[in-house]
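Engineer: Coordinates for the following, if possible.
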Amino acid sequence: MGDRLGLRRRWSRSEWTDLVKADLTKLGHELGFEVNGCRRHEEREKAADWSEWVWDLTWVDYDKVNNVTLDLPLIVESEWTDDLGVDFEKLKVGRARHRLMIFRAKDSVAVNQKIQYLKELVRMYRGGATGDRYLFAGFSTQTSDVHFDLFVDPRCV
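Structural biologist: This next block holds a predicted model:
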């Protein structure tokens with residue numbers, strides 16, 4: 001099948017982050033949202049409307065007439081080191097329709113272990129609510145595969 005996405009290339013952490021932000025920014029714009037994230041991209045359609053806010057990237061449903069944020073459809077954190085804690089804590093406490101955590105691990109076993117760990121952090125969080133949505137995207141450096149896991153908080157409040 002080849003390497004259509006260039007995943008086998010040795011990207012630096014900042015290159016990975018810029019590429020992910022550029023694609024998510026473009027998608028957010030296509031869906032009609034303003035985007036808080038990276039503004040330094042040389043291609044305007046991939047540049048965010050605003051610099052980073054609380055999270056690495058945020059889609060904002062913004063009412064320009066009344067100058068008010070109506071909703072945060074998506075908040076994103078990415079972490080390319082083994083320490084997911086601080087970045088995930090920001091994501092966990094954020095109120096948004098969807099939360100996306102992007103990370104890397106050595107292999108699919110390690111990716112799945114990290115996903116289980118993150119799910120346990122969600123379960124332990126007292127401020128969560130039934131239906132809170134998390135998408136975990138774990139990149140295996142061994143196989144260059146991305147493993148996705150959607151977790152919807154099942155708690156009863």
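
Engineer: And the helices in this protein, which stretches?
Structural biologist: Counting by DSSP state H, one finds helices in the chain at the ranges 13-30, 85-93, 108-124.

Engineer: just how off-centre is the second one within its chain?
Structural biologist: Read that as helix 85-93. Distance of helix 85-93 from the chain centroid (CA atoms, centre = their mean, to the nearest Å) equals 11 Å.

Engineer: got it, and the last one?
Structural biologist: Using CA atoms, centre = their mean, we find the averaged C-alpha position of helix 108-124 to lie 15 Å away from the chain's own average C-alpha position.

Engineer: Equivalent analysis for stretch 128-142, please.
Structural biologist: Relative to the centre of its chain, stretch 128-142 is centred 8 Å away, using CA atoms, centre = their mean.

Engineer: just for this protein, where's the confidence low?
Structural biologist: Along the chain, segments meeting pLDDT under 70 span 1-11, 13, 38-52, 156-157.

Engineer: before we move on, the earlier item: what's the closest of the helices of the chain to Asn36?
Structural biologist: helix 13-30 (9.5 Å; CB to CB). Where C-beta positions appear, they are placed from N, C-alpha and C, glycine not excepted.
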